[in-house]
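In: build me a structure from this.
(one chain, ligands or ions: 1)
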Amino acid sequence: MTLSVLSVASEAVPLVKTGGLADVAGALPAALAPHDVRMTTLLPGYPAVMKALGRKAKTVHQWESLLGEKARLLAGRLGDHALLVLDAPALFDREGSPYGAASGRDWDDNWRRFAAFGRAAADIAGGTVSKLRFDLLHAHDWQAAMAPAYLRFAPPAGGRSVPSVMTIHNMAFQGHYDAGIFPLLGLPAHAWSIDGVEAYGGVGYLKAGMEAAQAITTVSPTYAEEIRSPDFGMGLQGVVAAKGDRVSGILNGIDIAEWNPETDLHLASSYSARTLPRRTANRRALEGEFGLEPGEGPLFIVISRLTWQKGMDLLLDAIDPLVAAGGRLALLGSGDATLQQGFVAAATRHPGRIGVRIGYDEALSHRMQGGGDAILIPSRFEPCGLTQLYGLAYGCVPVVARTGGLADTVIDANAAAIGLGTATGVQMHGGDADALRSAINRTIALYRQPDLWRQIQRTGMKCDFSWARSGKAYADLYTRLVAEAG
Ligand code: ADP
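Out: So this is what the prediction gives:
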């Protein structure tokens, strides 16, 4: 039986992206199609989405008042991707990012924008639109999290009851608002409860979605365990623990059409696991781009948001020892001003050894994976992480913190794994700058053994982190929940 799933997301590639959620929402429909799941994605009608949808979109429903605003539902397609778009100009027709003004400040009415989005999603999944029928609702992150809560506490009149899945892409973002908004949400009084929408005296959108959904997923098995503890659960660890085995982790995949060193047009020289020496031309090109001198030691790369979460302050502390040990570093990223300044200063201190590019550059990120020897990812927490997966596919050996998806996807080159031929990278032992320094030293020592290094590169390149595997895991979960719902 074909399952019909409504995926509710505030961003999806190629239309809008601020983070990994967009990659997942964009990739899921194709990943699920082979498993008899027909997925339709509901997105807010931001200007970029409305423009991409074009004039062919059909109006399939109208709301006179969606949390006080007029709105209509448009149905259309983008290639193979079936889309529903919530066109509510008062809420979504704004320049800037999906969540704030160009200045970076969040919109003051985000609570209303994403409550309306959740209300609309619940109406659609619950059967309000006669032509649309769904078996399950899949909500992504806090922006979509009110959808399961509305389905539970205020389902559309005469509608069908459908199960929902709540996926957490990053527990650090929860959509927490003042209690004063509760009367404006259109929920019954009993929704204000400890197992409802109330969270620490306010309204918690992610928390409400987690409580209401029949299953919670995160984007890696280790992160699914980590969020049971206060350090990672960020206040919601109790909710996670109470949900028991209803919480699971399904790894994100990578787009292997986009990220394949054999066909990547961004690279000076394409290559495969069998033709690794051809990477040398890419390394030379990269050295040229970053003004680095050739050297005996490895060329480390970093492609990252420059933030505390990503452990970039730890890297700043480890830079001088990295250079002293014979390493070089090419860094691409943007984020906290102090960290940016710190990396620029390090490049000035170590000309020819450290090169820094502040900004976001997709093409350069491909060239770096194709020419760098090892990619450094010392994150404090990492729900899944993509750059280590690209590194594995490109023979750019990941050097990672042992957390979340990094722990699940990189096999540390310890003596046992080397003996078995299963090592694919280096894991830090601990979460501080010392641990990073020793992981860097270990990497440099491995690099000095070319046969072993090549084996580690090749083993990583053979790993399959495509969406095929994860698509099946989501399909199995949907099937189970729909069967349970009877
Ligand atoms: P997060 O979503 O927490 O930032 P991920 O590793 O899951 O981290 O995804 C980050 C994505 O953004 C990857 O595809 C990575 O290549 C890309 N990326 C991050 N910073 C940059 C940058 N400065 N330039 C180009 N791509 C970047």
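In: would you confirm that residue 396 contacts residue 373?
Out: Yes - Residue 396 is in contact with residue 373 according to Cβ atoms under 8 Å; the separation is 6.7 Å. In this view, the C-beta of every residue, glycine as well, is placed from N, C-alpha and C.
In: neighbour-wise, which of the two wins?
Out: More crowded of residue 396 and residue 373, by other Cβ atoms under 10 Å: residue 396, with 31 against 21.
In: residues contacting that one?
Out: Residues in contact with residue 396 (Cβ atoms under 8 Å, 6 or more residues apart in numbering) are 301, 368-370, 372-375, 390.
In: ok, now residue 283?
Out: Counting by Cβ under 8 Å, 6+ apart, residue 283 has contacts 299, 371-373.
In: give me the pLDDT value at residue 2.
Out: Residue 2 is assigned a predicted lDDT (pLDDT) of 95.
In: that one against residue 36, yeah?
Out: Yes - Residue 2 lies in contact with residue 36 (Cβ under 8 Å); the separation is 5.0 Å.
In: looking at the two, which is more packed in?
Out: Each of residue 2 and residue 36 has its neighbours counted (other Cβ under 10 Å); residue 36 has more, 12 against 9.
In: what's the distance between the more buried one and residue 171?
Out: 31 Å (Cβ to Cβ, to the nearest Å).
In: ditto for residue 367
Out: Counting by Cβ to Cβ, the gap from residue 367 to residue 171 is 33 Å.
In: before we move on, what about residue 258?
Out: 27 Å.
In: residue 330 now?
Out: From residue 330 to residue 171 the distance is 31 Å (Cβ to Cβ).
In: pick out whichever of those two has more residues nearby.
Out: A direct count of neighbours by other Cβ under 10 Å for residue 330 and residue 171 places residue 330 higher, at 26 against 23.
In: correct me if wrong: that one contacts residue 353.
Out: No - using Cβ under 8 Å, residue 330 is not in contact with residue 353; the gap is 10.2 Å.
In: overlap in contacts of these two?
Out: With contacts defined as Cβ under 8 Å, 6+ apart, the residues shared by residue 330 and residue 353 are residue 292.
In: quick one: residue 7 is in a helix?
Out: No - using DSSP: H, G, I helix; E, B strand; the rest coil, the assignment for residue 7 is strand, not a helix.
In: near the ligand, which residues of the stretch 201-350 of the chain show up?
Out: Taking Cβ under 6 Å from any ligand atom as the measure of proximity, the stretch 201-350 of the chain contacts the ligand at 303-305, 332-334.
In: which single residue of the stretch 1-150 of the chain ends up nearest the ligand?
Out: Closest residue of the stretch 1-150 of the chain to the ligand, Cβ to the nearest ligand atom: residue 20 (3.5 Å).
In: report pLDDT for that residue.
Out: pLDDT, residue 20: 84.
In: residues touching it, list them.
Out: Residue 20 touches 169-170, 219, 252, 383-384, 386, counting by Cβ under 8 Å, 6+ apart.
In: what's the answer for residue 195, then?
Out: By Cβ under 8 Å, 6+ apart, residue 195 lies in contact with residue 211.
In: sec struct for it, please.
Out: Per three-state DSSP, residue 195 ends up coil.
In: could I get the contacting residues of the residue of the chain positioned farthest from its centre?
Out: Distance from the C-alpha centroid of the chain, by Cα atoms, centre = their mean, peaks at residue 158 (36.1 Å). Neighbouring residues of residue 158 by Cβ under 8 Å, 6+ apart: residue 127.
In: how far away is it from residue 382?
Out: Distance of residue 158 to residue 382, computed by Cβ to Cβ: 44 Å.
In: before we move on, what about residue 69?
Out: Distance, residue 69 to residue 382, by Cβ to Cβ: 37 Å.
In: let me see the mean pLDDT of the helix or strand hosting residue 407.
Out: Element membership for residue 407, per DSSP states H and E: helix 404-409. Helix 404-409 shows an average pLDDT of 98 in the prediction.
In: and if you look at stretch 260-276?
Out: Mean pLDDT, computed over stretch 260-276, is 97.
In: list the buried residues of that stretch.
Out: 261, 264, 266-271, 273, 276 (16 or more other Cβ atoms under 10 Å).
In: how about TSV for those, with secondary structure added?
Out: Below are the buried residues of stretch 260-276 laid out as TSV (three-state DSSP):
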residue	secondary structure
261	coil
264	coil
266	coil
267	coil
268	coil
269	coil
270	coil
271	coil
273	helix
276	helix
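In: closest to the ligand among those?
Out: The shortest gap between the ligand and any of the buried residues of stretch 260-276 belongs to residue 266, at 11.5 Å (Cβ to the nearest ligand atom).
In: now the helix or strand just after the helix holding residue 407: buried residues?
Out: As assigned by DSSP H and E, the chain's next helix or strand after helix 404-409 is helix 415-420. For helix 415-420, the neighbour count (16+ other Cβ under 10 Å) marks 417-418 as buried.
In: same deal with stretch 119-126?
Out: Residues 119-126 are the ones in stretch 119-126 that count as buried (16+ other Cβ under 10 Å).
In: mind jotting down where the strands sit in the stretch 201-350 of the chain?
Out: Per DSSP state E, counting those that start in this stretch, the stretch 201-350 of the chain carries strands over the ranges 202-204, 215-218, 247-249, 299-306, 328-335.
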